Structure formats: structure tokens, C-alpha cells
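J.: just to be clear, the model below is a prediction. Sequence and coordinates:
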Amino acid sequence: MGTPRKVAILVEEGYQDLELWHPLLRLREENIPVSVIGPEADKTYLSQLEFPVVPDAGIGDVKASDFGAVIVSGGQSASRIAENARMVAFIKEAAKGGAVLAAVSNGTKAFEAAGAKASVSVKNTDSLPEFCKALLKAL
């Protein structure tokens, strides 16, 4: 088995706490390289419960071709990502390159805005264990 391709987790204000952190920590447990990517690199984004996350990179600092998967969590973050032209362009490029597209709950909105469909998705946080298993299998 070769080195796994990097995974991008897109983030914006109002992300759903568990839907971002559960997959992020699960991927880290499996030693899969994962980067949190926001509109800006040096900004703190708050979850629905005001838990902070600072992205590893800004959307302008990365190329979709460097990632084998893109994850979008739910919450208000998904709608904000869907309205961000740079984030949508990133998703389109990743989809065109064959990346695994994974969404939790309304994270699918961001993929729909890019004219793409999530290949791994679940409707709510109760399904996060199944989501992570399916994501790991798809990778």
C-alpha cells in the first residue's frame, strides 16, 4: 500500500463541532495526512458551540490536485463554503481530479454548489462512525 494522499477538510464560520473534529481526529489516528483549509490561513473559525479551529492553510495557498479527498461538515459553514467562489472552484477541481468527496449532513450543499456529488455522505452526527469507516475504505 502506498502513501495515502492528503485529505482536505474545508472550514468556515459556524461549522458543526463533531462533524469536523471526529473525522479529523479519526484520520490522524490512521496517520493519514489531513489539512484543515479555510478561506484565510491565519484566522480562527468558530464552531456552532464557539470551539475554535485555525486552518493549516488558506484556500489560496493550496491546490486541489494535491488532495485525494475533500470533506465538508455541516452547520452554517457548509452554506458559507457554497457561497465562496474560491472554495467552490477548489471542490470542482478536486472532483475533476477524482478526489473522494465526503459530506456530513448539509455539507452536501457545498458539493452541489460545485456541481458535484458526495461519494461518501451521512445525514447526521449519529452516523459519524459509519461515515469514517466508509471514508477510510474509499481512501
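T.: Arrived safely.
J.: report the buried residues of stretch 121-130.
T.: 121-122, 125, 128 (16 or more other C-beta atoms under 10 Å). Glycine gets a C-beta too; all of them are placed from N, C-alpha and C.
J.: show the end-to-end separation of it, please.
T.: Taking C-alpha to C-alpha, to the nearest Å, stretch 121-130 runs 9 Å from one end to the other.
J.: would you map the helices across this structure?
T.: Using DSSP state H, the helices of the chain run over 17-29, 76-82, 85-96, 108-113, 128-138.
J.: need the ones you listed in a markdown table (columns: mean pLDDT and distance to residue 58).
T.: Output for those, formatted as a markdown table (pLDDT from 0 to 100; distance: least, C-beta to C-beta, whole Å):
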| stretch | mean pLDDT | distance to residue 58 |
| --- | --- | --- |
| helix 17-29 | 97 | 17 |
| helix 76-82 | 97 | 13 |
| helix 85-96 | 98 | 9 |
| helix 108-113 | 97 | 17 |
| helix 128-138 | 96 | 24 |
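J.: wait, which of these is closest to residue 57?
T.: Minimum separation from residue 57 across those (C-beta to C-beta) falls at helix 85-96, 11.0 Å.
J.: turn the buried residues of stretch 121-130 into TSV, columns for distance to residue 108.
T.: Below are the buried residues of stretch 121-130 laid out as TSV (distance: C-beta to C-beta, whole Å):
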residue	distance to residue 108
121	6
122	10
125	15
128	15
